[in-house]
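J.: pasted the sequence and its predicted model underneath.
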Amino acid sequence: MLSIFCSPSRYTQGRNATASLGQEIVNLGLEGPALIVAGKSAIALLSGVWQSSLHAAGLMYSILRFGGECSPLEIERGKAAARQSDARIIIGAGGGKVLDTARAVASDLNLPVVNCPTVASSDAPCSALSVVYTDEGAFQEYRIYRRNPDLVLVDTEVIARSPARLLVAGMGDALATWFEAKVCADGNVRNMRGGASTRSALALAELCYRTLLGDGVAALHALQTQVVTSALDRLVEANTLLSGLGFESSGLAAAHAIHNGLTAAAETHSFFHGEKVAFGVLVQLMMESTPRALVEEVLEFSTSVGLPITFADIGLASPGDEVLEQIARRGTAKGETIHNEPFKVSSAMVVEALRAANDAGRDWKRKHRIEMSTPTASS
Ligand SMILES: [Zn+2]
């Protein structure tokens, strides 16, 4: 098997990075007109900067306000707008669904794409895949693209104004990267591009984990006061770039499969992807019989930033066997990344690990006198 590493062509991050958007596009040899697919708050916050930056770079553009769901209908609407304005480049600006839509439009029209995430809530912006939902909002499919984005531009001044819970969710998604990457590299499992992992991807995944432990709490404080500090800067890079390269070029394992399993329980629907992934990390550690010291390191980090560590933290009051079996069945479905683990995974084993993770989380809270969640507390 060949080793394959993939990444966006360029990653640009910093305070007021949006002001350099036009220049960065020109530097890559890309041309307008551009179609900007953008969320409501991105338009309110950034339309003035787009005007000055893109005009200064000689780029014509138009803006399409995002309709709210990355669905086939919305993708068609984006394609129609792109054709109408003769767009030669698609720019997505906003949260995950906006970027997913921009990527889908660009891929269908074979155009270059620029991603400008306004939150650091997941590791999706650097990747070459979209999650597409039905117009009613139910999961439909993953779309895998030939190419990663041409440019990912992250304005930390914009991220500093985003909701704290979204940054924390991004830390949950990033928390899984190193643990899942290690499983895939050790097992010589195919990554998201069908190749073996590289030492480079693994090193980035490890740096991602170390950055969370070192900067997570300080970054959260910075965001709460809307100040761009170096800790926030490093943390945003970990959530977006390190986690993105780590997962795509190494692969996923149990934690993300447990996330997918949890989505089978309606009570977890109001929780973010990264929040469910963070609980999935604990479940993975239980399945792997991870040494206590490492489990405690993860528990300590998760509680320090407010990531879930118990069933109640993700909306499950006291789930019965039936609910846990349903989660385990979905999490161990054929083709799920849980089968990248180095042992045969049964659904009974997952039920046991779910319970063990919840017990470990509850014990940790009791020992450290952390208040137990009521299931609706954070939804
Ligand atoms: Zn994820």
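T.: Done, it's in.

J.: residue ranges with poor pLDDT in the protein?
T.: 374-379 (pLDDT under 70).

J.: identify the single longest helix in it, thanks.
T.: Secondary structure of the chain per DSSP state H: the longest helix is helix 199-224.

J.: what comes up buried for it?
T.: Neighbour counts over helix 199-224 (16 or more other CB atoms under 10 Å) mark 201-202, 204-209, 211-212, 215-217, 219-220, 222-223 as buried. Every residue, glycine included, has its C-beta placed from N, CA and C.

J.: do the same with stretch 23-32
T.: Within stretch 23-32, the residues scored as buried using 16+ other CB under 10 Å are 24, 25, 26, 30, 32.

J.: between the two ends of it, how far is it?
T.: End-to-end distance for stretch 23-32: 12 Å, by CA to CA, to the nearest Å.

J.: going forward, begin numbering at 3 instead of 1
T.: Understood, numbering begins at 3; the last thing we discussed is stretch 25-34.

J.: how distant is that stretch from the center of its chain?
T.: 26 Å (CA atoms, centre = their mean, to the nearest Å).

J.: list the contacts of residue 357.
T.: Taking CB atoms under 8 Å, 6 or more residues apart in numbering, we find residue 357 in contact with residue 326.

J.: mind checking how far it is from residue 129?
T.: Separation of residue 357 from residue 129 (CB to CB, to the nearest Å): 32 Å.

J.: what of residue 259?
T.: Distance, residue 259 to residue 129, using CB to CB: 18 Å.

J.: ok, back up a step: got the buried residues of stretch 25-34 as CSV, with distance to residue 176 columns?
T.: As requested, these are exported to CSV (distance: CB to CB, whole Å):
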residue, distance to residue 176
26, 24
27, 27
28, 31
32, 29
34, 34
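
J.: quick check: the two most widely separated of those residues?
T.: The distance between the two most remote of the buried residues of stretch 25-34 (CB to CB) is 13.1 Å, for 26 and 34.

J.: overlap in contacts, those two.
T.: Shared contacts of residue 26 and residue 34 (CB under 8 Å, 6+ apart): none.

J.: in stretch 347-354, which residues are buried?
T.: 347, 349, 351, 352, 353, 354.

J.: closest to residue 302 among these?
T.: Nearest to residue 302, judged by CB to CB, of those is residue 354 at 23.7 Å.

J.: check contacts around the closest one.
T.: Contacts of residue 354 by CB under 8 Å, 6+ apart are residue 288.

J.: am I right that residue 57 is in contact with residue 23?
T.: No - the pair residue 57 / residue 23 is not scored as a contact, 11.1 Å apart, by CB atoms under 8 Å.

J.: adjacent strands (with direction) for the helix or strand harbouring residue 142?
T.: Assigning secondary structure by DSSP states H and E places residue 142 in strand 141-146. Here strand 141-146 has these sheet partners by DSSP bridges: strand 131-135 (antiparallel).

J.: how far does the strand it pairs with sit from the chain's center?
T.: With CA atoms, centre = their mean as the basis, strand 131-135 stands 12 Å off its chain's centre.

J.: one more: stretch 213-221?
T.: For stretch 213-221, the separation from the chain centroid amounts to 17 Å (computed by CA atoms, centre = their mean).

J.: ok, and what's touching it?
T.: Counting contacts by CB under 8 Å, 6+ apart, the residues outside stretch 213-221 that touch it are 169, 173, 176-177, 231, 233-234, 236-240, 244, 299, 303, 306-307.

J.: which ones are touching residue 198?
T.: Contacts for residue 198 (CB under 8 Å, 6+ apart) come out as 3, 4, 5, 6, 190, 192.

J.: then residue 350?
T.: Going by CB under 8 Å, 6+ apart, residue 350 touches residue 330.

J.: part of a helix, is it?
T.: Yes - with DSSP: H, G, I helix; E, B strand; the rest coil as the criterion, residue 350 is part of a helix.

J.: show me where the stretch 103-252 of the chain has its helices.
T.: Remark: helices assigned in the stretch 103-252 of the chain by DSSP state H, counting those that start in this stretch are 158-161, 166-188, 201-226, 232-239, 245-252.

J.: pipe those into CSV and attach distance to residue 89 per row.
T.: Shown next, in CSV, are the helices of the stretch 103-252 of the chain (distance: least, CB to CB, whole Å):
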stretch, distance to residue 89
helix 158-161, 23
helix 166-188, 29
helix 201-226, 33
helix 232-239, 28
helix 245-252, 25
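
J.: leaving out chain neighbours, which residue sits closest to residue 284?
T.: The shortest distance from residue 284 to any non-neighbouring residue, by CB to CB, 6 or more residues apart in numbering, is to residue 359 (4.0 Å).

J.: give the contact list for residue 224.
T.: 162, 230, 231, 233, 234.

J.: just put those in CSV and tack on neighbour count and distance to residue 182.
T.: Formatted as CSV, the contacts of residue 224 follow (neighbours: other CB atoms under 10 Å; distance: CB to CB, whole Å):
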residue, neighbour count, distance to residue 182
162, 22, 29
230, 20, 29
231, 17, 29
233, 19, 25
234, 24, 25
